[in-house]
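1. Below is the structure, and that's it, no one-letter string:
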């Protein structure tokens, strides 16, 4: 998994020149090669296809990660709602126990 994360940070640039650009995410990645050096016309059709396929793979991976993160967040929110309800119930039970103990104390004091 670690190698996959590192590989995702080195992506083909949007300019289809074939260079690899270090980036923290896949949005708006531009080439660092000077504009007069990179020429899309000099790339073969196969190179252009490989560059686009690499970008597609990165976007698909990012989409899967986002879907998984969204599902995890939904699950976490549900767990938090359940925990909050349990805590509310526990507080009610504690208040009831305290009231019962006060009654017992009052009963014992009158005897």
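-> Alright, I've got the coordinates. From a predicted model like this one, the values you see are computed outputs, not experimental measurements. Numbering: from 1, shown residues only.
2. Do a quick rundown of the helices in this structure.
-> 2-8, 45-110 (DSSP state H).
3. rounded to a whole number, what's the mean pLDDT of the first one?
-> Average pLDDT, helix 2-8: 42.
4. any chance of the helices of the chain in JSON lines, plus mean neighbour count?
-> (Each C-beta comes from the backbone N, C-alpha and C, glycine too.) JSON lines is the format used below for the helices of the chain (neighbours: other CB atoms under 10 Å):
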{"stretch": "helix 2-8", "mean neighbour count": "10"}
{"stretch": "helix 45-110", "mean neighbour count": "11"}
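5. Can you flag the weakest of those by average pLDDT?
-> helix 2-8 (a mean of 42).
6. Distance of residue 62 relative to residue 99?
-> As defined by CB to CB, to the nearest Å, residue 62 lies at a distance of 55 Å from residue 99.
7. next one: residue 49
-> Counting by CB to CB, the separation of residue 49 from residue 99 is 75 Å.
8. what do you get for residue 53?
-> To residue 99, residue 53 is 69 Å away according to CB to CB.
9. Ok, residue 73 next?
-> Taking CB to CB, one finds residue 73 at 39 Å from residue 99.
10. Same question for residue 50.
-> Here the criterion is CB to CB. By it, residue 50 lies 74 Å from residue 99.
11. do residue 80 as well
-> In terms of CB to CB, residue 80 sits 29 Å off from residue 99.
12. who's in contact with residue 98?
-> Taking CB atoms under 8 Å, 6 or more residues apart in numbering as the contact definition, residue 98 lies against nothing.
13. From residue 70, how far out is it?
-> Separation of residue 98 from residue 70 (CB to CB) stands at 42 Å.
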